[in-house]
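Q: no FASTA, just this:
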């Protein structure tokens, strides 16, 4: 089982940028695909994007395409979510999620299983 810790959240004005980090321990992150999800109070957790174990495959929800980029550095056991052109509707708690292996079908990489971090809050003011 891998443990995950997110960081990098904060308060930013609309149009700004933030980079979230997801640091893994207890196992090598290189054998896990990593997804980012977000959640606002009273709503279900929403898939944001995924990156494969090698980093060669990424997918994003339509609402963040062109603005968010997921990357990873397996030598540092860390995955990142670079967020640009932030909007107030991006305000949420952001979670990283690690699933063993690679998944290329949306039914798999958007599913709620695997290891989760505790989340980091992102607040975008207008």
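A: Everything's here; your move. Computed from a predicted model, the values in this text were never measured in an experiment. Numbers count the residues shown, from 1 in each chain.

Q: Pull out the buried residues from stretch 7-18.
A: 8, 9, 12, 18 (16 or more other CB atoms under 10 Å). Bear in mind the C-beta positions are built from the backbone N, C-alpha and C, glycine included.

Q: wait, doesn't the third one sit right on residue 91?
A: Yep, that's residue 12 we're talking about. No - at 9.6 Å, residue 12 and residue 91 do not qualify as touching, with contact defined as CB atoms under 8 Å.

Q: So for the two, which residues contact both of them?
A: 122, 123, 124 (CB atoms under 8 Å, 6 or more residues apart in numbering).

Q: Not counting its neighbours along the chain, what's nearest the first one?
A: I take that to be residue 122. In space, and not counting its chain neighbours, residue 122 is closest to residue 9: 4.7 Å by CB to CB, 6 or more residues apart in numbering.

Q: for residue 67, same thing?
A: Take residue 67 and drop its neighbours on the chain: the residue closest to it by CB to CB, 6+ apart is residue 85, 4.7 Å away.

Q: any chance you could map the helices in this structure?
A: Listed in chain order, the helices of the chain (DSSP state H) span residues 106-109.

Q: residue closest to the middle of it?
A: With the centre of the chain defined as its mean C-alpha position, the nearest residue by CA atoms, centre = their mean is residue 36, 2.2 Å away.

Q: beta partners for it?
A: Beta bridges link residue 36 to residue 49, residue 96 when assigned by DSSP bridges.

Q: any idea how far it lies from residue 19?
A: From residue 36 across to residue 19, the span is 12 Å (CB to CB, to the nearest Å).

Q: any shared contact partners between those two?
A: Once CB under 8 Å, 6+ apart is applied, the residues that residue 36 and residue 19 both contact turn out to be residue 81.

Q: contacts for stretch 79-89?
A: Contacts made with stretch 79-89 from outside it, assessed by CB under 8 Å, 6+ apart, are listed as 12, 14-22, 24, 29, 34, 36, 48-49, 51, 63-64, 67-73, 90, 94, 96, 122, 124-126.
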